[in-house]
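[1] With the sequence up front, the predicted model follows.
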Amino acid sequence: MFGVFMAARRPQSSPVVVPTTAVPSTAQPSTAAGFADLGVPEPLVRVLARAGITSPFPIQTATLPHSLAGRDVLGRGRTGSGKTYAFVLPVLARLAQNRTPRRPGRPRALILAPTRELASQIAASIAPLAAELSLSTLTVFGGVSANPQIRGLRAGVDVLVACPGRLADHMASGHVELGSVEITVLDEADHMADLGFLPVVKRLLDRTPREGQRMLFSATLDAGVDVLVKRYLSNPAIHSVDCAQSPIAVMSHHVLRVRHENRLPILVDLAAAPGRTIMFTRTKHGATRLARQLALAGVAAVELHGNLAQNARTRNLLAFSEGSAQTLVATDIAARGIHVDDVALVIHADPPVEHKAYLHRSGRTARAGASGTVITLATDEQIADVRDLARKAGITPTTTQLGPGDPLLAELAPGERCFTSQPPQRPKATPRVPRRGGDRQSTGSRRDGRKGDGPRGGTRSRTERIDKGSSERSSSGSQRVHSSGVHSSGAGNSGAGSSVPVRHSSAAAFSSGARVDRRRNNG
């Protein structure tokens with residue numbers, strides 16, 4: 001069976017090219033044919049139907065007949081066009097037809113993704129489909145412990161979803177061998193090139209069998225991606241649902257010309273509107289700062305960038321996708337591969353540097369045929385660069401000069417503004433029973449009036465530990481309090497002469513994952 005299957009994979013006919021104009025760029029589901037009509041096995045069709053997915057999107061309609069037949073495929077389409085199922089379905093269908101036994105450290109299919117978030121979301125899409133076919137999956141990326149991944153590889157896996165860096169580490173340490181890979185997929189190949197992953201991607205692909213099936217999906221075909229196509233794809237079927245610089249027809253674009261001091265109040269107004277909002281900043285520090293500013297203003301906001309630990313990134317993305325945080329403040333890490341439904345508004349709090357980044361950021365809204373609004377904030381110094389960026393992106397935005405409270409803000413983000421209430425004051429922790437030498441008072445001194453920092457000075461509750469010397473600090477001194485295992489760096493301090501700590505938004509504490517600093521006046 002497998003020999004016949006592989007033979008069908010390398011036909012000698014000329015490559016199949018679907019012109020850009022042949023497939024609508026609105027990414028609306030096709031009603032002409034269902035998944036079963038395209039050759040998707042019935043068990044997978046049932047799982048898709050249970051999830052409410054009954055009509056394939058254009059990229060799926062175009063590629064599935066060739067990928068299910070075993071051909072190499074090159075698919076180009078913007079984010080949100082349905083590329084994930086375009087490669088997930090043929091990978092699982094072909095593995096299910098050829099029941100090669102799983103072997104330790106030798107995956108049967110490999111899917112490479114540029115970011116941890118995208119890898120996780122691909123794995124989430126695969127999981128119910130693979131379970132229906134009794135196929136196993138494993139996700140591998142950095143930022144988390146390698147030991148569970150090593151154990152999973154040793155147990156044997158059918159589909160391995162991985163980021164290039166961590167997979168290369170496992171390969172170098174001998175925990176994985178790619179010689180048994182039957183199908184290889186590169187998703188968001190152009191983003192891998194932008195992140196500098198091409199050298200390691202080439203090393204990984206060189207370890208996969210040349211006769212295996214390979215699929216590459218990308219939003220653009222830049223020089224780096226073209227090298228991969230020519231080197232690793234054999235006589236591919238080529239399909240495109242968008243041109244390289246295709247704006248989305250159901251997306252409205254606006255440029256708000258603002259004064260620098262009005263930038264934050266306008267962002268708060270827009271973010272407080274109903275619905276999910278993604279704001280983009282240029283830097284990680286800028287994302288952290290803006291998320292905290294929004295949270296202090298009463299907007300439930302979380303941050304997402306490369307400086308966060310993986311558990312914090314996962315927690316924040318889950319909060320945004322589940323709705324406990326309505327605003328996500330992110331760097332360009334979220335411009336590619338973060339698939340959250342019903343994002344009504346994308347705001348470029350910092351204008352991107354180049355037009356491709358603008359299109360990828362904006363692609364977080366108006367997904368799968370839905371409508372969306374994209375807003376770029378620009379100061380007088382930035383407006384010329386924003387105009388040039390819009391021209392290169394092929395869009396004609398509506399430009400308006402405004403300030404806080406302008407009625408246009410309610411038109412762009414309609415609905416009643418909603419702000420979170422201040423979190424309740426946390427109860428004081430009950431001190432533990434003191435050891436020999438008595439307990440310490442809140443000033444850090446012993447009951448006998450002598451000060452000491454050593455073990456003879458008694459003990460302090462973990463939740464009441466004060467940095468050494470804090471009792472001698474000025475009114476801006478800081479007392480650090482552990483908070484339920486979630487740590488967030490606080491901002492601001494109490495007013496002079498006040499002994500009441502400034503209350504920080506729970507969203508700010510939730511988002512950063514560092515210690516909560518509560519500023520006290522030590523008077």
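    Done, it's in.
[2] Residue 99 and residue 182: what is the separation?
    12 Å (Cβ to Cβ, to the nearest Å). (Glycine included, C-beta is placed from N, CA and C.)
[3] Among these two, which residue is more densely surrounded?
    residue 182 (24 against 13; other Cβ atoms under 10 Å).
[4] What separation is there between that one and residue 171?
    17 Å.
[5] same question, residue 84
    Residue 84 is 25 Å from residue 171, by Cβ to Cβ.
[6] Give me the more crowded residue out of these two.
    residue 84 (23 against 18).
[7] Was I right to think that one contacts residue 122?
    Yes - between residue 84 and residue 122 there is a contact at 6.1 Å, judged by Cβ atoms under 8 Å.
[8] what's the overlap in contacts for these two?
    residue 187 (Cβ atoms under 8 Å, 6 or more residues apart in numbering).
[9] mind listing what residue 152 touches?
    Residue 152 touches residue 138, counting by Cβ under 8 Å, 6+ apart.
[10] can you tell me which helix in the chain is longest?
    helix 116-132 (DSSP state H).
[11] taking the mean pLDDT, what do you get for that one?
    Mean pLDDT, helix 116-132: 92.
[12] Could you do stretch 157-174 as well?
    Stretch 157-174 comes out at a mean pLDDT of 96.
[13] what about that stretch, start to end distance?
    16 Å (Cα to Cα, to the nearest Å).
[14] ok so, going back, list the contacts of the longest helix of the chain.
    43-44, 46-48, 51, 84-85, 88-89, 92, 111, 113, 136-137, 139-143, 158-159, 161-163, 187-188, 304, 310, 313-314, 317, 333-334, 336-339.
[15] same thing but 6 Å
    By Cβ atoms under 6 Å, 6 or more residues apart in numbering, the surrounding residues in contact with helix 116-132 are 43-44, 47, 84, 88, 92, 113, 137, 139, 141, 161, 163, 337-339.
[16] Most neighbours among the residues you listed, which one?
    residue 161 (29 neighbours).
[17] Show the secondary-structure elements that the helix or strand hosting that residue is packed against.
    Assessed by DSSP states H and E, residue 161 sits inside strand 159-162. With contacts taken as 3 or more Cβ pairs under 6 Å, 6 or more residues apart in numbering; DSSP states H and E, strand 159-162 sits against strand 109-112, helix 116-132, strand 137-140.
[18] hey, which of these is tucked in deepest?
    Most buried of those by mean neighbour count (mean count of other Cβ atoms under 10 Å) is strand 109-112; its value is a mean of 26.
[19] in its sheet, what does that strand sit against?
    strand 159-162 (parallel), strand 183-186 (parallel) (DSSP bridges).
[20] what number of residues lie near residue 151?
    If we define neighbours as other Cβ under 10 Å, then residue 151 has 11 of them.
[21] Am I right that it is in a helix?
    Yes - under DSSP: H, G, I helix; E, B strand; the rest coil, residue 151 falls within a helix.
[22] Neighbours of the closest residue to residue 140 other than its chain neighbours, how many?
    Sequence neighbours aside, residue 162 is the residue nearest to residue 140 in space, at 4.1 Å (criterion: Cβ to Cβ, 6 or more residues apart in numbering). Using other Cβ under 10 Å, residue 162 has 25 neighbouring residues.
[23] go on, residue 199?
    With other Cβ under 10 Å as criterion, residue 199 counts 10.
[24] would CSV of the strands paired with strand 109-112 with distance to residue 259 be doable?
    Shown next, in CSV, are the strands paired with strand 109-112 (distance: least, Cβ to Cβ, whole Å):
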stretch, distance to residue 259
strand 159-162, 46
strand 183-186, 45
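[25] can you tell which of the ones you listed is closest to residue 217?
    Proximity to residue 217, assessed across the strands paired with strand 109-112 by Cβ to Cβ, is greatest for strand 183-186 (7.0 Å).
[26] buried stuff in that closest one?
    Neighbour counts over strand 183-186 (16 or more other Cβ atoms under 10 Å) mark 183-186 as buried.
[27] what's next to it, contact-wise?
    By Cβ under 6 Å, 6+ apart, strand 183-186 touches 87, 91, 109-112, 208, 213-216.
[28] Kindly present the residues you listed as TSV, with separate columns for distance to residue 177 and pLDDT.
    Compiled in TSV, the contacts of strand 183-186 are given as follows (distance: Cβ to Cβ, whole Å; pLDDT from 0 to 100):
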residue	distance to residue 177	pLDDT
87	22	95
91	19	97
109	14	97
110	11	98
111	17	97
112	16	96
208	10	96
213	18	97
214	18	97
215	21	96
216	22	95
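[29] I'd like to know which of the residues you listed is nearest to residue 343.
    Out of these, the member with the shortest distance to residue 343 (by Cβ to Cβ) is residue 87, at 23.3 Å.
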